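1. Sequence and predicted structure, then a few things I'm wondering about:
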Amino acid sequence: MNTKILSFFFIFIVTFVNAQRPEPFVKMDNYGQQVWVDSTLKAMTIDEKIGQLFMIQAYSNRDAKHQAEVAKLIKEYKVGGLVFFQGTPKKQAEMTNFFQEVSDLPLLIAFDGEWGLDMRLDNTYRFPWNMALGAIQDERLIEDFGVLVGKHHKRLGIHVNFAPVVDVNINPNNPIIGNRSFGESPQNVASKAIAFTKGIQNQYVLANAKHFPGHGDTDTDSHLALPTIPFSPQRLDSVELYPYKELFKTDLASVMVAHLSVPELEPNTDLPSSLSKNIVTDLLKNKMKFKGLIFTDALNMKGAANFSSSAEINLEVIKAGNDILLMPEDIPGSFVKLKQAVADGIITEARLDESVLKILKAKYWAGLRNFIPIKTQNIQEDLNGVDAEALHYKLVEHSTTLLKNEEQLFPIKDLVATKIAYVKLGDDDNTTFINRLNDYAQVDVITGKRLDEIIEKLKPYNLVIIGYHKSNAGPWRRFKFKDQELVWLQEIARNKPVILDIFASAYSLLDVKTFTNIESVLVSYQNSVIAQDVSAQQIFGALTTKGRLPVSIPNEFSEGTGFDSANLYRLSYGLPEQVGMSSEKLERIDSLAKKIIKTKMAPGLQVLVARKGKVVYRKSFGYHTGKKTTKVQNNHLYDLASITKILGALPLIMKAEEEGKYTLETPIADIFPILKNTDKKGITVKEALSHFARIKAWIPYYLKTLDSVTQKPSREYYRNKPSKKFSILVAKNLYLRTDYKDSMYQAIADSPLLTKRRYKYSGLVFYLYKDYFEKTYNQSMDELNDSFFYKPLGANTLGYKPLDHFSKRIIVPTERDLYFRN
């Protein structure tokens, strides 16, 4: 009795849960939708109903002949939908408008946009592949990604995106899925797919989970042949089908059925899953209770096309329970075949109506009751907005994965003691990575044709960053290490501490036989410009790593491995939108800079804007001088002039105060004995620093050193060659008397105070501090600042005596000097 009761309740609960499966195409105006769908269906002929099942391909990079051929198929066979492939956004929009005008019923437009429109269209935004997204722990970012992809699709008049890929990629040798998968964990794949679906369908673009029942553990490409999925029902249920079961609890709009041989689900091993009633109707529709649209995978793929004639295949597809035939071949023959099947009762009109009803509901849901032509104006700009780039930065920052960090080498903390080299492996570009690394510290690029040559060049360094850069052109590109690269990697790691950064598929790590000698391993997943930029910032602790490995590297790193790296709070780099600013508004700086140059207020300039610890604008304009021979670049150096007091003296003043050498209330005469018997003896450090000490603004020391007649440097004070008596370098081949600085200090002591106590900017006391610091710490002021502040901060270009460290070619002239440089 108890067993019967339990069985009853189990059946009741299962039935209740299945009955609660959400209807994916219900609109807020459900009544209006139902009226339109019912009236449209009622008015349709058999030909029109059959035509709704066809979704044919269109290319916006082909000629007028192709467009005419597609239009003819739409007119003659009442085609219900189009899937667009290669071309450009503007041309696709124009073609969509044309085809929608040609069609009696609105066309359902589909697209393969797994990582955005860039998957098929030129000049559109490319987001990261799913493998990188699978490393992200914050699913809200995946939802944001879905929303933005949905906006891009909607802007282009696309109603279905054949994404997300929900294949659980357990096989690293899978030739067609790989980077397109969120990873090898069914749970992770499911959660990412749910988040993406929620985001894209928020924009009323149909998501499409593919490739049912699961293409992740194959070593055959279904474009070329029929892959076999040889697993038990238990394995299929817990792995391949798991993401679908979770997605079906949501309002997922559609599914794509793959061309696979699945013996445990379809006994006929030659029959592709897309043609199998056991899989499409019995499993997907009846057992799993999926209520959305069911697409086949492309029917021109060999996994299906090799089975029989095109017309016969297309008939079997509908008999199996699919709603839409994607890219069918032989449309005229297939149309006739399907029409005859309806006439013969092989396909009932009720069965036909079942699919057409869903298609019409989907069209209404996607906004196709009344088609509004796509506006082509500004379409390029709308599809490449800064919002996409800002999201891309977030996605990459949250995906980059720190797999190993022995000795806590990562991020690099000590910029003074660490001498860094970079060695490139792989065959793709690394420009952004190198440039950004050098924004934080001097990182020398080491090259060579032989390993022994590289090892010899690396001897002076105590840290080597090895970047492995492979093509970012597509997720199917080869990512394996060359044998020589593997030897170089191990030998360099045996000799030096190494940070290995992988700008390629995580599966490339399978080639590395041992990680014993590699202290830190970072996976950046792709070699995009943004991945290189973010990764370099993470290496120096300006940004942190947050990702977790979405696949396993046997015997080394399990799925889910990853460490959150330390935040060293160094300045990071990014976009204005990341810190609540506007790129558009900051662009006004460009016009202002151009005006400055045009009106000859300055021959050139650099502008840098930072907010909330992030540099968001950094540009250079014009030339070094009015002669226009050298363009100003971001790495060129300017004299900071009066800011020297803040950047040069003040850090040392603060250091000495922290060490207890004086306080802010200490009289400056206690620090500078030359002031003891002067009117300045009662002035405090605080008063001097705040410019309320009544000290003169400046003293023109140089006038005394000029010849009274020629107004040029006097031989009494200057020589063209250095000596013990003339050692102070003033300009090229011009040296001032060594003892003249004592005269300068005395002039400060002798200068009378101003009569009125008010704010008066003065730099005189700062000259005295130089002498004090050098005597106190027994180092020159430039060396003190360099060792105590600039190097630890990574301020590699800040300091005194730039000619000692940099080429004159990158030092911008500050002013026109007619006294010393004439």
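-> Now that the structure is in, tell me what you want to look at.

2. domain parsing for the chain?
-> 2-366, 400-569, 576-622, 641-699+751-810 (automatic domain parsing).

3. Distance to Lys725 added to those, as CSV?
-> Using the backbone N, CA and C atoms, a C-beta is placed for each residue, glycine as well. Formatted as CSV, the domains of the chain follow (distance: least, C-beta to C-beta, whole Å):
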stretch, distance to Lys725
domain 2-366, 65
domain 400-569, 35
domain 576-622, 38
domain 641-699+751-810, 19
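
4. Of all those domains, which one comes closest to Pro722?
-> Each of the domains of the chain has some distance to Pro722 by C-beta to C-beta; the shortest is domain 641-699+751-810, at 14.0 Å.

5. quick one: average pLDDT of the closest one?
-> Averaged across domain 641-699+751-810, pLDDT comes to 91.

6. how long is it from one end to the other?
-> Using C-alpha to C-alpha, to the nearest Å, one end of domain 641-699+751-810 lies 17 Å from the other.

7. Likewise for stretch 628-640?
-> Using C-alpha to C-alpha, one end of stretch 628-640 lies 22 Å from the other.

8. Quick check: buried residues in that stretch?
-> Buried residues in stretch 628-640, counted by 16 or more other C-beta atoms under 10 Å: Thr630, Val632, His636, Leu637.

9. now the helices for the stretch 101-250 of the chain?
-> Remark: helices assigned in the stretch 101-250 of the chain by DSSP state H, counting those that start in this stretch are 130-133, 139-155, 186-201, 233-235, 242-247.

10. coming back round to it: ok, of the buried residues of stretch 628-640, which one's closest to Asn97?
-> Checking the buried residues of stretch 628-640 against Asn97 by C-beta to C-beta gives Val632 as the nearest, at 46.3 Å.

11. and among the helices of the stretch 101-250 of the chain, the most buried is which?
-> Mean neighbours per residue, mean count of other C-beta atoms under 10 Å, is largest over these for helix 130-133, with a mean of 28.

12. List the contacts of that helix.
-> Contact with helix 130-133 is made by 114-115, 142, 145, 164-165, 169, 178-183, 192, 395-396, 399, 475, 505-506, 525-526, 531, 550-551, as judged by C-beta atoms under 8 Å, 6 or more residues apart in numbering.

13. swap the cut-off to 6 Å and go again
-> Val165, Asn179, Arg180, Ser181, Phe182, Ser399, Tyr525 (C-beta atoms under 6 Å, 6 or more residues apart in numbering).

14. Could you count how many residues lie near Asp323?
-> Neighbourhood size, Asp323 [other C-beta atoms under 10 Å]: 26.

15. need the contact list for it.
-> Contacts for Asp323 were tallied using C-beta under 6 Å, 6+ apart; they are Leu293, Ile294, Ser355, Lys358.

16. And what about the second one, helix, strand or coil?
-> Okay, so that is Ile294. Of the three states, Ile294 takes strand under DSSP: H, G, I helix; E, B strand; the rest coil.

17. just the contacts of helix 130-133 now: which is nearest Lys210?
-> Val165 (5.9 Å).

18. Mind putting the helices of the stretch 101-250 of the chain into CSV with mean pLDDT and distance to Pro213?
-> Converted to CSV, these look like this (pLDDT from 0 to 100; distance: least, C-beta to C-beta, whole Å):
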stretch, mean pLDDT, distance to Pro213
helix 130-133, 98, 19
helix 139-155, 98, 23
helix 186-201, 98, 13
helix 233-235, 96, 11
helix 242-247, 98, 7
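
19. Looking at the ones you listed, which is nearest to Val609?
-> Closest approach to Val609 among these (C-beta to C-beta): helix 139-155, 25.2 Å.

20. who touches that closest one?
-> Residues outside helix 139-155 that contact it (C-beta under 6 Å, 6+ apart): 116-117, 161, 191-192, 195-196, 198-200, 202-203, 205, 382-383, 391, 394-395, 398.

21. So what's the gap between it and the chain middle?
-> In terms of C-alpha atoms, centre = their mean, to the nearest Å, the centre of helix 139-155 is set 15 Å apart from its chain centre.

22. ok and it relative to helix 186-201, angle-wise?
-> Inter-element angle recorded for helix 139-155 and helix 186-201: 40 degrees (by axes from the mean of the first three to the mean of the last three C-alpha atoms, to 10 degrees).

23. Pairing partners for Tyr718 in the sheet, please.
-> Leu736 (DSSP bridges).

24. does the closest residue to Leu675 other than its chain neighbours count as helix, strand or coil?
-> Once flanking residues are discounted, Leu675 sits nearest to Ala669: 4.3 Å by C-beta to C-beta, 6 or more residues apart in numbering. Secondary structure assignment for Ala669 (three-state DSSP): helix.

25. From Lys681, how far off is Ala669?
-> To Lys681, Ala669 is 4 Å away according to C-beta to C-beta, to the nearest Å.

26. what's the answer for Glu519, then?
-> 57 Å.

27. Neighbour count for these two, which is higher?
-> Neighbours were counted for Glu519 and for Lys681 using other C-beta under 10 Å; Glu519 has more, 20 against 13.

28. The more buried one contacts Phe410, doesn't it?
-> No - with contact defined as C-beta atoms under 6 Å, Glu519 does not count as touching Phe410 (8.0 Å).

29. Can you report how many residues lie near the closest residue to Arg737 other than its chain neighbours?
-> Among residues not flanking Arg737 along the chain, Tyr717 sits closest, at 5.2 Å (C-beta to C-beta, 6+ apart). If you count neighbours by other C-beta under 10 Å, Tyr717 ends up with 20.
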